[in-house]
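*Asks:* I would like to see how this sequence folds:
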Amino acid sequence: MGEVIVLTGIMAAGKSTVAQLIAESLPRAAHVRGDVFRRMVVSGRADPAPGTPDAAVRDQLDLRYRLSARTADEYAAAGFTAVVQDIILGADLPAYLGRLRTRPRYLVVLAPAPSAVAVRDRERAKTGYAGGWTPEILDGELRATPRLGRWLDTTGQTAAETARAILADLPAARVD
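*Replies:* So this is what the prediction gives:
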């Protein structure tokens with residue numbers, strides 16, 4: 001059996017890059033990108049907006065989380081470390097962890113300052129902040145998330161430094 005490492009945080013916190021670096025440093029690993037499951041919806045996709053609860057958004061978010069958790073479990077059952085990265089905040093985080101059958105499970109929350117996230121977002125090819133979202137709004141949701149796993153303020157770190165820090169003390173992130 002493999003294991004599952006979940007990385008979460010707000011948009012532009014470094015989740016994708018850090019998850020990829022972690023997966024590349026392990027002998028058998030798969031990078032499970034949660035956003036892939038959102039992008040698979042070709043028509044009828046409902047994207048979240050700040051402060052607007054919507055049943056279609058909730059249903060699609062739940063589907064996305066179910067699919068990524070099952071995918072992670074399947075990779076782990078095949079002997080891989082599944083490195084999952086997605087935006088999983090608030091009550092969704094403990095629910096997501098509850099969906100994972102694999103043990104051990106690790107959770108790392110990347111929590112850089114919103115000002116650093118804004119700079120990172122401007123410096124990358126894609127932008128995550130549209131439709132009313134700002135780093136400050138999403139950071140507020142992050143800070144209301146249950147304090148599970150290992151939280152890292154990565155404001156002053158490169159992605160490589162963050163990946164090394166996570167791997168150097170992975171037991172600190174264990175959630176079971």
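
*Asks:* residues making contact with the lowest-mean-pLDDT helix or strand in the chain?
*Replies:* Across the helices and strands of the chain, mean pLDDT, DSSP states H and E gives its lowest value to helix 114-123, namely a mean of 91. The set of residues external to helix 114-123 that reach it, using Cβ atoms under 8 Å, 6 or more residues apart in numbering, is 10-14, 112, 127-129, 134-136, 138-139, 154-156. Just so you know, the C-beta spots here come from the backbone N, C-alpha and C atoms, and that holds for glycine as well.

*Asks:* Need the residues that contact stretch 30-39.
*Replies:* By Cβ under 8 Å, 6+ apart, the list of residues contacting stretch 30-39 from outside reads 16, 19-20, 23, 45, 47, 60, 63-65, 67-68, 71-72, 75, 80-88.

*Asks:* For PyMOL, write a command that selects the buried ones of those residues.
*Replies:* Command for PyMOL, covering only those of the contacts of stretch 30-39 found buried under the criterion 16 or more other Cβ atoms under 10 Å:
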select buried, resi 16+19+20+23+60+64+65+67+68+71+72+75+80+81+82+83+84+85+86+87+88
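
*Asks:* residue ranges for the strands of this structure, please.
*Replies:* 3-9, 29-33, 81-85, 105-110, 150-152 (DSSP state E).

*Asks:* helices and strands around the fourth one, which ones?
*Replies:* For strand 105-110, the elements it packs on are strand 3-9, helix 92-99, strand 150-152, judged by 3 or more Cβ pairs under 8 Å, 6 or more residues apart in numbering; DSSP states H and E.

*Asks:* returning to what we had before: please spell out which residues along the least confident helix or strand of the chain are buried.
*Replies:* Neighbour-count burial for helix 114-123 flags 114, 116-117, 120-121 (criterion: 16+ other Cβ under 10 Å).

*Asks:* Fine, thanks again, bye for now.
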